[in-house]
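1. Make a model of this:
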Amino acid sequence: MKLINNTGTNRVIDVLRQTVRSGASLDIASPALSLFGFFELRDLLSHVADSRLTLPLHADGDLTFLGSEADRAARNRLQVRWLARECAKWIHEKTEVRASSAPLLQSAYLVRHPDTAKSRMITGHCPLSTDGLGLAPGNQLSLIQCYRAYSYGERETE
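-> Numbering: from 1, shown residues only. As a prediction, the model looks like this:
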(Lines give C-alpha, C1' and ligand atoms only; values in the text may rest on other atoms or scores of the structure.)
Protein backbone atom coordinates (compact mmCIF):
# COMPACT_ATOMS: atom_id res chain seq x y z
CA MET A 1 0.00 0.00 0.00
CA LYS A 2 1.17 3.51 -0.75
CA LEU A 3 -0.23 6.82 0.44
CA ILE A 4 -0.87 9.54 -2.13
CA ASN A 5 -0.59 13.12 -0.90
CA ASN A 6 -1.98 14.51 -4.19
CA THR A 7 0.75 17.12 -4.68
CA GLY A 8 3.90 17.33 -6.78
CA THR A 9 4.44 14.08 -8.67
CA ASN A 10 2.54 11.99 -6.14
CA ARG A 11 -0.98 12.67 -7.43
CA VAL A 12 -3.91 10.47 -8.33
CA ILE A 13 -3.61 11.45 -11.99
CA ASP A 14 0.09 10.44 -12.01
CA VAL A 15 -0.74 6.99 -10.65
CA LEU A 16 -3.51 6.58 -13.23
CA ARG A 17 -1.17 7.66 -16.04
CA GLN A 18 1.37 5.04 -14.94
CA THR A 19 -1.21 2.30 -14.50
CA VAL A 20 -3.74 2.61 -17.33
CA ARG A 21 -2.56 0.87 -20.48
CA SER A 22 -4.33 0.14 -23.72
CA GLY A 23 -7.07 -2.44 -23.27
CA ALA A 24 -7.44 -1.92 -19.51
CA SER A 25 -10.75 -1.55 -17.71
CA LEU A 26 -11.36 1.38 -15.39
CA ASP A 27 -14.08 1.40 -12.75
CA ILE A 28 -14.81 4.65 -10.90
CA ALA A 29 -17.08 5.38 -7.96
CA SER A 30 -17.11 9.09 -7.20
CA PRO A 31 -19.25 11.56 -5.27
CA ALA A 32 -18.52 14.21 -7.94
CA LEU A 33 -17.98 14.39 -11.69
CA SER A 34 -16.37 17.53 -13.04
CA LEU A 35 -16.14 18.13 -16.77
CA PHE A 36 -12.67 19.58 -16.19
CA GLY A 37 -11.59 16.44 -14.31
CA PHE A 38 -12.92 14.40 -17.23
CA PHE A 39 -10.93 16.59 -19.64
CA GLU A 40 -7.70 15.80 -17.80
CA LEU A 41 -8.42 12.05 -18.05
CA ARG A 42 -9.75 12.18 -21.62
CA ASP A 43 -6.59 10.82 -23.26
CA LEU A 44 -6.35 8.00 -20.72
CA LEU A 45 -10.02 7.15 -21.13
CA SER A 46 -9.58 6.81 -24.89
CA HIS A 47 -7.23 3.85 -24.25
CA VAL A 48 -9.48 1.89 -21.89
CA ALA A 49 -11.54 -0.93 -23.34
CA ASP A 50 -14.50 -0.35 -21.05
CA SER A 51 -15.39 1.40 -17.84
CA ARG A 52 -18.02 1.52 -15.15
CA LEU A 53 -19.04 4.70 -13.37
CA THR A 54 -21.03 4.90 -10.14
CA LEU A 55 -22.41 8.27 -9.10
CA PRO A 56 -24.75 9.35 -6.31
CA LEU A 57 -27.79 10.37 -8.30
CA HIS A 58 -30.36 11.67 -5.87
CA ALA A 59 -32.71 14.63 -6.18
CA ASP A 60 -30.80 17.10 -4.00
CA GLY A 61 -27.30 15.95 -4.97
CA ASP A 62 -24.81 18.24 -6.70
CA LEU A 63 -22.22 16.52 -8.89
CA THR A 64 -20.31 19.81 -9.45
CA PHE A 65 -20.17 19.39 -13.23
CA LEU A 66 -18.60 22.84 -13.58
CA GLY A 67 -15.89 22.23 -10.98
CA SER A 68 -14.95 24.24 -7.93
CA GLU A 69 -13.55 27.72 -7.31
CA ALA A 70 -10.15 26.46 -8.50
CA ASP A 71 -11.63 25.76 -11.96
CA ARG A 72 -12.54 29.36 -12.73
CA ALA A 73 -9.79 29.68 -15.35
CA ALA A 74 -11.02 26.51 -17.06
CA ARG A 75 -14.59 27.84 -17.12
CA ASN A 76 -13.30 31.06 -18.71
CA ARG A 77 -12.01 29.07 -21.71
CA LEU A 78 -15.66 28.65 -22.76
CA GLN A 79 -15.31 24.95 -23.66
CA VAL A 80 -18.06 23.60 -21.41
CA ARG A 81 -20.45 22.62 -24.25
CA TRP A 82 -17.67 20.80 -26.10
CA LEU A 83 -16.54 19.06 -22.88
CA ALA A 84 -20.11 18.01 -22.10
CA ARG A 85 -20.43 16.49 -25.59
CA GLU A 86 -17.10 14.65 -25.21
CA CYS A 87 -18.10 13.34 -21.78
CA ALA A 88 -21.49 12.18 -23.10
CA LYS A 89 -19.75 10.45 -26.02
CA TRP A 90 -17.40 8.59 -23.61
CA ILE A 91 -20.31 7.55 -21.42
CA HIS A 92 -22.36 6.39 -24.43
CA GLU A 93 -19.53 4.44 -26.11
CA LYS A 94 -17.47 2.95 -23.28
CA THR A 95 -19.17 3.37 -19.93
CA GLU A 96 -21.81 1.61 -17.91
CA VAL A 97 -23.30 4.12 -15.47
CA ARG A 98 -24.88 3.10 -12.19
CA ALA A 99 -26.61 5.19 -9.57
CA SER A 100 -25.83 4.85 -5.90
CA SER A 101 -28.90 4.99 -3.69
CA ALA A 102 -26.84 6.55 -0.89
CA PRO A 103 -24.29 9.38 -0.94
CA LEU A 104 -20.73 8.26 -1.67
CA LEU A 105 -18.37 9.44 1.06
CA GLN A 106 -15.15 8.62 -0.80
CA SER A 107 -14.00 7.69 -4.25
CA ALA A 108 -12.57 4.50 -5.68
CA TYR A 109 -10.70 3.86 -8.92
CA LEU A 110 -10.03 0.27 -10.00
CA VAL A 111 -7.77 -0.41 -12.98
CA ARG A 112 -7.93 -3.98 -14.29
CA HIS A 113 -5.75 -5.41 -17.05
CA PRO A 114 -7.01 -8.36 -19.11
CA ASP A 115 -3.55 -9.91 -19.58
CA THR A 116 -2.71 -10.19 -15.88
CA ALA A 117 -4.49 -10.88 -12.61
CA LYS A 118 -3.00 -7.77 -11.02
CA SER A 119 -5.19 -4.74 -10.45
CA ARG A 120 -4.54 -1.29 -9.02
CA MET A 121 -6.98 0.30 -6.57
CA ILE A 122 -7.06 3.95 -5.43
CA THR A 123 -9.42 4.89 -2.62
CA GLY A 124 -10.01 7.95 -0.48
CA HIS A 125 -10.95 11.59 -0.94
CA CYS A 126 -10.22 11.83 -4.66
CA PRO A 127 -13.40 12.54 -6.65
CA LEU A 128 -13.35 12.74 -10.43
CA SER A 129 -12.53 16.46 -10.41
CA THR A 130 -9.41 18.56 -10.82
CA ASP A 131 -8.82 18.81 -7.06
CA GLY A 132 -9.50 15.09 -6.59
CA LEU A 133 -6.97 14.22 -9.29
CA GLY A 134 -4.38 16.53 -7.71
CA LEU A 135 -4.44 19.19 -10.44
CA ALA A 136 -5.98 21.96 -8.33
CA PRO A 137 -5.65 22.80 -4.65
CA GLY A 138 -7.85 20.59 -2.53
CA ASN A 139 -8.24 19.24 0.98
CA GLN A 140 -4.70 18.89 2.35
CA LEU A 141 -5.85 16.65 5.21
CA SER A 142 -7.44 14.02 3.00
CA LEU A 143 -6.28 10.40 2.98
CA ILE A 144 -5.77 8.67 -0.35
CA GLN A 145 -4.29 5.21 -0.61
CA CYS A 146 -3.19 3.11 -3.54
CA TYR A 147 -2.61 -0.61 -3.49
CA ARG A 148 -2.30 -3.56 -5.78
CA ALA A 149 -4.99 -6.18 -5.66
CA TYR A 150 -4.11 -9.77 -6.47
CA SER A 151 -6.24 -12.77 -7.24
CA TYR A 152 -6.86 -15.29 -4.48
CA GLY A 153 -3.73 -17.27 -3.56
CA GLU A 154 -1.33 -15.07 -5.53
CA ARG A 155 1.52 -13.36 -3.67
CA GLU A 156 3.33 -10.17 -4.46
CA THR A 157 6.69 -10.88 -6.11
CA GLU A 158 7.88 -7.31 -6.57
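2. Could I get the contacting residues of the most centrally placed residue in the chain?
-> Centroid check for the chain by CA atoms, centre = their mean gives Leu128 as the closest residue, at 4.4 Å. Going by CB atoms under 8 Å, 6 or more residues apart in numbering, Leu128 touches 28, 30, 32-34, 37-38, 41, 107. Every C-beta, even on glycine, is put in place using the N, C-alpha and C of the backbone.
3. what do you get for Ala102?
-> Contacts of Ala102 (CB under 8 Å, 6+ apart): Pro56.
4. Buried residues in the lengthiest helix in the chain, which are they?
-> Using DSSP state H to define each element, the chain has its longest helix at helix 80-94. Across helix 80-94, burial judged by 16 or more other CB atoms under 10 Å covers 83, 86-87, 90, 94.
5. now do stretch 36-52
-> Within stretch 36-52, the residues that qualify as buried are 36-41, 44-45, 48, 51, counting by 16+ other CB under 10 Å.
6. And the residues you listed, which two are furthest apart?
-> The span of those, defined through CB to CB, is set by Phe36 and Val48 at 19.3 Å.
7. so where's the protein uncertain?
-> 58-63, 150-158 (pLDDT under 70).
8. can you map out the helices along it?
-> Using DSSP H, the helices found in the chain span residues 12-19, 35-47, 72-75, 80-94.
9. Quick one, which of those gets closest to Gly124.
-> helix 12-19 (8.6 Å).
10. Near Glu69, how many other residues are there?
-> 8 (other CB atoms under 10 Å).
11. ok, how many other residues are close to Tyr109?
-> By other CB under 10 Å, 26 other residues sit near Tyr109.
12. Enumerate every residue touching it.
-> Counting by CB under 8 Å, 6+ apart, Tyr109 has contacts 12, 16, 26-28, 121-123, 126.
13. so what's it bridging to?
-> Counting by DSSP bridges, Tyr109 is bridged to Ile28, Ile122.
14. Find the nearest non-adjacent residue to Ser68, please.
-> Nearest residue to Ser68 in three dimensions, chain neighbours excluded: Asp131, at 6.0 Å (CB to CB, 6 or more residues apart in numbering).
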